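1. What would the 3D arrangement of this be:
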Amino acid sequence: MNFKKALIEMKAGAKVKLPSWGGFWHWDPDKQTVMMHTKDGEDLDIRETQRVEYTLSNILSDEWITADETNTPVLGGEATFSFGDAIKYLKRGLRVARKGWNGKEQYIELASGISYADPDGAITNAKHAAIGNQAIAFVGTSGVQLGWLASQADMLAEDWVFAERSK
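-> Numbering: from 1, shown residues only. Just a heads-up that it's a prediction; the model follows:
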């Protein structure tokens with residue numbers, strides 16, 4: 001839903017969020033303002049945001065959903081998001097995985113500084129004109145696969161989650 005609809009929902013008592021959020025926003029009728037309930041349990045008045053551009057970009061989103069105990073970590077659920085968001089988080093240095101992947105310790109992350117030994121043993125620093133020295137790395141129970149390619153199912157899935165580094 002867009003923010004106009006989300007604001008109407010909040011004023012009716014609902015909690016709303018963007019899909020990847022651990023917290024939610026809600027309306028405070030006494031203060032007559034939107035309160036941002038963070039993943040850390042803090043309530044912040046939207047009028048006091050320190051990150052104005054980020055807050056405004058969230059308001060402009062059309063991906064608002066109702067926050068509940070299934071999709072919001074602070075309410076006992078788990079935040080999931082799209083492949084597009086997964087790529088955005090990879091670029092920010094976070095690890096992501098599909099909730100539906102079989103291996104619980106599997107995830108993808110952005111690899112950089114890629115080099116390899118050629119048949120003569122010379123170390124080559126791989127650099128691609130369009131993407132530089134980066135690739136998506138799939139980390140699984142058998143090791144790391146550089147240059148992971150998403151399947152169509154992966155690209156269309158809405159069950160992407162944040163992942164912890166495997167041990």
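2. Please enumerate the strands of this protein.
-> Assigned by DSSP state E, the strands in the chain fall at 16-17, 24-28, 33-37, 43-45, 65-66, 96-98, 107-112, 115-117, 123-125, 134-140, 143-146, 160-162.
3. Turn these into a markdown table, columns for mean neighbour count and distance to residue 78.
-> (Each C-beta comes from the backbone N, C-alpha and C, glycine too.) Shown next, in a markdown table, are those (neighbours: other C-beta atoms under 10 Å; distance: least, C-beta to C-beta, whole Å):
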| stretch | mean neighbour count | distance to residue 78 |
| --- | --- | --- |
| strand 16-17 | 24 | 12 |
| strand 24-28 | 20 | 14 |
| strand 33-37 | 19 | 17 |
| strand 43-45 | 13 | 22 |
| strand 65-66 | 16 | 13 |
| strand 96-98 | 22 | 12 |
| strand 107-112 | 19 | 15 |
| strand 115-117 | 10 | 37 |
| strand 123-125 | 9 | 39 |
| strand 134-140 | 18 | 20 |
| strand 143-146 | 11 | 25 |
| strand 160-162 | 20 | 6 |
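4. who wins for proximity to residue 10 among those strands?
-> Closest of the strands of the chain to residue 10 is strand 24-28, at 3.9 Å (criterion: C-beta to C-beta).
5. So which elements touch that closest one?
-> Packing partners of strand 24-28 (3 or more C-beta pairs under 8 Å, 6 or more residues apart in numbering; DSSP states H and E): helix 3-11, strand 16-17, strand 33-37.
6. Figure out how far that strand is from the centre of its chain.
-> 21 Å (C-alpha atoms, centre = their mean, to the nearest Å).
7. cool, stretch 68-82 as well?
-> 12 Å.
8. Endpoints of it, how far apart?
-> This stretch, stretch 68-82, spans 18 Å end to end (C-alpha to C-alpha, to the nearest Å).
9. In that stretch, which residues are buried?
-> Burial within stretch 68-82, assessed by neighbour count using 16 or more other C-beta atoms under 10 Å, is assigned to 71, 72, 74, 75, 79, 80, 81, 82.
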